[in-house]
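Just the structure for this:
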Amino acid sequence: MYTIHGYAQGTDYNLRYYADAEKISKADVDSLLAQIDASMSLYKPNSLINQFNKSESGVPIDAAFLAVMKKSFEVYKASEGRFDVTVAPLVQLWGFGPDRVQQFPDSSRVKETLARVGMWQLEMNGDMLYKKHPGVSIDLNGIAQGYSVDLIAGYLKARGIDSYMVEIGGEVVVHGQKPDGTGYRIGIEGPSPEGSSALDKAAPFRHILELKEGAVTSSGNFNKYLKYKEGRISHLIDPKTGFPLKSPMISVTVFAQDAITADGYDNALMAMGSIEEAMAFARKVKLEAYFIYHRPDGSLADTLTTGFRKLLVK
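A predicted model of the protein is given here:
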């Protein structure tokens with residue numbers, strides 16, 4: 001077994017693979033991740049995404065950016081706009097973007113910013129990504145990490161590695177089995193079991209999956225938030241209202257064949273207005289998912305699709 005650990009995209013990554021000799025280096029992985037950052041990182045001043053956001057009408061984009069945008073349009077359409085990469089100015093407005101904010105916005109500023117939000121204001125033609133309004137900007141943080149995991153997994157496969165697990169910031173792709181015939185085990189974290197008053201405390205794994213093929217990603221708001229008035233606000237912004245998301249969902253974990261699909265749809269599922277709506281949507285788009293959510297009385301509950309239950313070890 002060979003392992004590689006490093007840091008990229010504001011988080012850490014871990015690779016584990018089985019082979020008869022070492023086949024890839026940390027430098028190989030870091031180089032691939034640096035290419036993705038040069039394309040889609042909001043924290044790299046000269047990245048393609050920042051060039052697009054500063055442009056008046058659009059820019060040519062590379063293959064990685066193009067693949068992420070195509071999947072983004074798919075999820076946007078399927079979720080009826082609940083997932084929307086043009087939410088970038090709202091993310092920044094509420095203090096979750098690259099720049100610090102001194103105060104939270106009032107409703108008039110939110111309304112003004114909403115005029116620049118909506119993927120209907122984007123258009124792709126070949127390798128060109130156009131915007132219909134110069135103030136439109138995009139944020140791919142909700143989906144680009146899934147693409148990154150898929151890219152590294154594809155690289156391992158191309159190097160002749162048949163058994164591996166790739167994880168970046170909790171987003172995971174698995175292929176093959178261990179020498180003993182078992183799959184790779186993945187733990188699902190969640191809020192403290194004491195209830196909503198203890199959401200700040202990381203809990204032990206709520207469940208453990210065992211996989212030999214596929215991707216698992218999660219989206220949640222129990223450990224990513226800002227204090228606001230007497231409470232706190234989620235880092236997930238509703239592209240329809242312009243305000244931080246108000247949803248019963250605490251976290252959503254999605255299983256799919258690839259990480260970019262799981263990563264895009266876990267955000268869309270977080271935005272659903274009820275657990276019933278979320279379960280129905282998961283069935284509609286043929287994804288398996290696990291949900292932790294608030295009941296109407298404020299207590300914590302969880303549920304999962306039938307297919308997801310089959311992946312559980314415990």
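
Let me know the pLDDT of Arg295.
The confidence metric pLDDT takes the value 90 at Arg295.

what's the answer for Pro89, then?
The per-residue pLDDT reported for Pro89 equals 87.

mean confidence for the helix or strand encompassing Leu33?
Leu33 is part of helix 26-40 when elements are defined by DSSP states H and E. For helix 26-40, the mean per-residue pLDDT is 96.

Who are the packing partners of the helix or strand following it?
Note on helix 26-40: by DSSP H and E, the next helix or strand toward the C-terminus is helix 48-54. Judged by 3 or more Cβ pairs under 8 Å, 6 or more residues apart in numbering; DSSP states H and E, helix 48-54 is in contact with helix 26-40, strand 58-60. Placement of C-beta: from N, CA and C, glycine included.

Would you mind giving the secondary structure of the nearest residue to Asp84 once chain neighbours are set aside?
Leaving aside its sequence neighbours, Asp84 sits nearest to Pro239 (Cβ to Cβ, 6 or more residues apart in numbering; 3.8 Å). Here Pro239 is recorded as coil under DSSP: H, G, I helix; E, B strand; the rest coil.

ok, now which ones touch Pro239?
81-84, 86-87, 90, 117-118 (Cβ atoms under 8 Å, 6 or more residues apart in numbering).

ranges for the helices of the stretch 1-150 of the chain?
For the stretch 1-150 of the chain, the helices defined by DSSP state H, counting those that start in this stretch cover 26-40, 48-54, 63-78, 88-93, 107-114, 144-158.

Need these in TSV (columns: distance to Gly264 and mean neighbour count).
Converted to TSV, those look like this (distance: least, Cβ to Cβ, whole Å; neighbours: other Cβ atoms under 10 Å):
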stretch	distance to Gly264	mean neighbour count
helix 26-40	14	17
helix 48-54	16	18
helix 63-78	4	18
helix 88-93	16	22
helix 107-114	22	14
helix 144-158	7	22
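
Tell me which of the helices and strands packed on helix 48-54 sits nearest to Val285.
Among the helices and strands packed on helix 48-54, helix 26-40 comes nearest to Val285, with 23.7 Å by Cβ to Cβ.

Mind listing residues that contact the closest one?
Outside helix 26-40, the residues that touch it by Cβ under 8 Å, 6+ apart are 4-6, 8-9, 13, 15, 43-44, 46-49, 61-62, 64-65, 68, 140, 144, 147-148, 151-152, 155, 168.
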